[in-house]
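*Asks:* What follows is a predicted structure for the sequence shown.
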There are 2 protein chains.
Amino acid sequence: MKITKTVEEVKRFVKPWKKEGLSIGLVPTMGFLHEGHASLIKRAREENDIVIVSDFVNPIQFGVGEDLESYPRDFEADCQLCRDLGVDLIFNPSPEEMYLDGFHTHVGVDVLSKGLCGKTRPIHFNGVCTVVSKLFNIAEADRAYFGQKDAQQLCIVKRMVRDLNFNIEIVGCPIIRENDGLAKSSRNTYLSFDERKAALIINKALTTGKSLLLSGVHDADKIKEEVTKIIETEPLAKIDYVEIVETNELQPVKQITGEILCAVAVYIGKTRLIDNFFA
Amino acid sequence: MKITKTVEEVKRFVKPWKKEGLSIGLVPTMGFLHEGHASLIKRAREENDIVIVSDFVNPIQFGVGEDLESYPRDFEADCQLCRDLGVDLIFNPSPEEMYLDGFHTHVGVDVLSKGLCGKTRPIHFNGVCTVVSKLFNIAEADRAYFGQKDAQQLCIVKRMVRDLNFNIEIVGCPIIRENDGLAKSSRNTYLSFDERKAALIINKALTTGKSLLLSGVHDADKIKEEVTKIIETEPLAKIDYVEIVETNELQPVKQITGEILCAVAVYIGKTRLIDNFFA
């Protein structure tokens, strides 16, 4: 497995791969890899000749007061996991390598970035789109793999790829959960013992919400109320949002008639966790 | 020569070319091709196996009240010129083909887009960056050719390519002028007989400005004053800006110590013309 910190070296590796006609799968990550990432890597391994994992905590997608500095890192463990999963190349650049002096370019997707997490994280998705555009160009990947846990990100990246005619297929992969239902996240490591237990309320509430919908409740407010009520039973939980949106423009719906995304962001103590379901 | 109006068809042509390892040169234009464009196409023809010309009046780079509707078009003549110059493919999409329903993505370069033309055309360069990003992805070009007449655009596109790691080389080509010195522009067609004569003042003023600099005047204000004074002798001319900026961040300079761009935008009647020199 190759490990590189420079854009130039990735491009040097990629060039002959492309020339040989090998397909390339890219898994963009911020490192501290868990089984959620592993599922993306395994899928990429199955579907491509070459698998590239990027391991980069992208500073420009963090707002002021967010957890950029404390974001968990363990590059050695990441390398071990990637080796075990047959990854061909890990790209682990520094912020200075990604954002050269005089970096002034931004990429973003309007409308879809305004609601949900965009409400409290106004610069987040522009940061994501910008770094992902760079990674697509650097890796020249045929496919890129994103987890459905970051549902809004997945929708935005798909729209960006369509709008800018990137030659890449975006593959969304199911949420991977702990045995007790908590969605896997690098940020789960922030949780204390009590918070870890309290965090279960998120999946519990979403499961109830989904059951309601499947049992025939199509009033979005009713489902949101129920989900909200359940989360509020947990004293350590503080809701950022509970939202039901259609999956094209991610706009709130009243009456559920087509495919929807039900997404929540909840603080457990100081840790902000997100989870969702499509239905 | 192939002519196509759809993204999909361009990609269908490009795929086997890329597979064969052929190099592709892209000349992005808004059509109504003149000798300026021809010089870009000739250069692309010399340096690449395949030459693609895009011929698209990009609506999102025009502001309210600008000349989107009246912008001159002659697709038949464009095709003839391209055929004569050995172009392989003209891409002539509709706005609807380029901007699908639910198009929400934008690309832009801050700082460099603020001054010069960006002052009076605040959305212009975001529109340029967005369409150019699309064209780069659609054509998968190895090189793209831009005229130095649009100097700010050239600097911005170069920065965008660097920042987003596009796998493309931006080739800047010299300004092509009429015999009497007026920079070639599709917009020259707007000029009446008297305006056409009046427009000569632009190149005359810039030539004097350049001579002053080369003769040792390094006070930017002094040169700007002189250029301004000359343009103001022409009653049909109304200055939008006369500016001298350094060529990295396009920020105004007082004392000229390194490479500079001296750029002007001048209304001749209702027609806004731009011209410049690097020194």
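*Replies:* Yep, that arrived. Residues are numbered from 1 along each chain as shown, chains lettered A, B, ... in the order given.
*Asks:* Can you give me every residue that contacts the residue in the stretch 1-150 of chain A that chain B sits nearest to?
*Replies:* Residue nearest to chain B within the stretch 1-150 of chain A (CB to the nearest CB): residue A:105, separated by 3.6 Å. In this view, the C-beta of every residue, glycine as well, is placed from N, C-alpha and C. Applying CB atoms under 8 Å, 6 or more residues apart in numbering or on different chains, we find residue A:105 in contact with A:130, B:107, B:108, B:109, B:110, B:129, B:159, B:160, B:163, B:164.
*Asks:* ok but the first one is inside a strand, no?
*Replies:* This means residue A:130. No. Membership of residue A:130 in a strand is not supported by DSSP: H, G, I helix; E, B strand; the rest coil, which gives helix.
*Asks:* contacting residues around the spatially closest residue to it that is not a sequence neighbour?
*Replies:* In this structure, residue A:130 finds its nearest non-sequential neighbour in residue A:107, 4.8 Å apart by CB to CB, 6 or more residues apart in numbering or on different chains. Neighbouring residues of residue A:107 by CB under 8 Å, 6+ apart: A:126, A:129, A:130, A:133, A:160, A:164, B:105, B:106, B:107, B:133, B:164.
*Asks:* hang on, the earlier thing: neighbours around the nearest residue in space to the residue of the stretch 1-150 of chain A closest to chain B that is not next to it in sequence, how many?
*Replies:* Of all residues beyond its chain neighbours, the one nearest residue A:105 is residue B:163 (3.6 Å), with distances taken as CB to CB, 6+ apart. Residues lying near residue B:163 (other CB atoms under 10 Å in any protein chain shown) number 22.
*Asks:* Secondary structure class of residue B:163, three-state.
*Replies:* Classified using three-state DSSP, residue B:163 is helix.
*Asks:* Surely it touches residue A:100?
*Replies:* Yes. Assessed by CB atoms under 8 Å, residue B:163 is found in contact with residue A:100 at 7.3 Å.
*Asks:* Give me the contacts around the helix or strand harbouring residue A:11.
*Replies:* Using DSSP states H and E, residue A:11 maps to helix A:7-19. With contacts defined as CB under 8 Å, 6+ apart, helix A:7-19 is touched by A:2, A:4, A:24, A:49-50, A:52, A:89, A:91, A:93, A:97-98, A:138-140, B:21, B:165, B:167.
*Asks:* For it, list the C-alpha coordinates in PDB.
*Replies:* These are the backbone C-alpha positions of helix A:7-19, laid out as PDB (Å, rounded to 0.1, in the frame of the first residue of the first chain):
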ATOM      1  CA  VAL A   7      -0.900  15.900  -4.600                       C
ATOM      2  CA  GLU A   8       1.900  15.500  -7.200                       C
ATOM      3  CA  GLU A   9       2.800  12.000  -6.000                       C
ATOM      4  CA  VAL A  10      -0.900  10.900  -6.100                       C
ATOM      5  CA  LYS A  11      -1.100  12.200  -9.700                       C
ATOM      6  CA  ARG A  12       2.200  10.400 -10.500                       C
ATOM      7  CA  PHE A  13       0.600   7.100  -9.300                       C
ATOM      8  CA  VAL A  14      -2.700   7.700 -10.900                       C
ATOM      9  CA  LYS A  15      -1.400   8.600 -14.400                       C
ATOM     10  CA  PRO A  16      -0.200   5.100 -15.300                       C
ATOM     11  CA  TRP A  17      -3.300   3.500 -13.700                       C
ATOM     12  CA  LYS A  18      -5.500   5.600 -15.900                       C
ATOM     13  CA  LYS A  19      -3.300   4.800 -18.900                       C
END
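*Asks:* Using PDB, write out every CA atom in the very next helix or strand once past that helix.
*Replies:* As assigned by DSSP H and E, the chain's next helix or strand after helix A:7-19 is strand A:24-29. The C-alpha coordinates for strand A:24-29 follow below in PDB (Å, rounded to 0.1, in the frame of the first residue of the first chain):
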ATOM      1  CA  ILE A  24     -10.300   3.900  -9.600                       C
ATOM      2  CA  GLY A  25     -12.600   4.000  -6.500                       C
ATOM      3  CA  LEU A  26     -12.100   6.900  -4.100                       C
ATOM      4  CA  VAL A  27     -13.200   6.900  -0.400                       C
ATOM      5  CA  PRO A  28     -12.900  10.400   0.900                       C
ATOM      6  CA  THR A  29     -12.500  10.400   4.700                       C
END
